[in-house]
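A.B. asks: dropping a prediction and its sequence here:
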Amino acid sequence: MVRRPSIIINRLDAERLQRLIDSATEKDLMVAQLLEEELARGEVLDPQDIPNDVVSMNSQVRFTDLTRGSQMVRTLVYPHSIGVVEDGISVMAPIGAALIGLRVGDVIEWPLPESVKPAPTLSLSPPASTF
């Protein structure tokens, strides 16, 4: 069974992400569908109401792929910023889409394309100051 914790999404991010989803190319279709599911199930709040430990767009995130045992620090960005932000991970990449709306301490199981199975289990790590 896939574990997906509750998520909180910044209203401005939700609007921009919906535009990305609506204009997704065929190669991004799987991620776009998963991201749309996340938007549908997430609690959407105004930007000023988002807690400090919630992953929003342009957040720097420390997370661990529990399946592979690797820890990473990445900044969640829109696809057009991927070449500009040194440690960027696109929200339209499978793992990038998994991160949106999570909080420190959350663990999520997330599907990946068939070519890179098994699905990772991601865990967000403190400190919250890395967000």
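C.D. replies: Looks like it came in fine.

A.B. asks: and the top strand by length along the chain, which strands flank it?
C.D. replies: Among the segments of the chain that qualify as a strand by DSSP state E, the longest is strand 70-77. Sheet neighbours of strand 70-77, with direction, are listed as strand 60-65 (antiparallel), strand 88-90 (parallel) (DSSP bridges).

A.B. asks: can you lay out those strands as JSON lines showing mean pLDDT and mean neighbour count?
C.D. replies: C-beta: built from backbone N, CA, C; applies to glycine. Below are these laid out as JSON lines (pLDDT from 0 to 100; neighbours: other CB atoms under 10 Å):
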{"stretch": "strand 60-65", "mean pLDDT": "87", "mean neighbour count": "19"}
{"stretch": "strand 88-90", "mean pLDDT": "94", "mean neighbour count": "21"}
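
A.B. asks: can you redo those as a markdown table with distance to residue 109?
C.D. replies: Below are the strands paired with strand 70-77 laid out as a markdown table (distance: least, CB to CB, whole Å):
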| stretch | distance to residue 109 |
| --- | --- |
| strand 60-65 | 11 |
| strand 88-90 | 18 |
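
A.B. asks: looking at those strands, which is nearest to residue 51?
C.D. replies: Proximity to residue 51, assessed across these by CB to CB, is greatest for strand 60-65 (14.3 Å).

A.B. asks: run a quick neighbour tally on residue 78.
C.D. replies: Residue 78 sits with 19 neighbouring residues when counted by other CB atoms under 10 Å.

A.B. asks: next: residue 104.
C.D. replies: The burial count assigned to residue 104 is 20, neighbours taken as other CB under 10 Å.

A.B. asks: ok, it touching residue 52?
C.D. replies: No. Between residue 104 and residue 52 there is no contact under CB atoms under 8 Å: 9.2 Å.

A.B. asks: strands of the protein, start to end?
C.D. replies: Residue ranges of the strands in the chain, as given by DSSP E, are 8-10, 43-45, 60-65, 70-77, 88-90, 107-109, 121-124.
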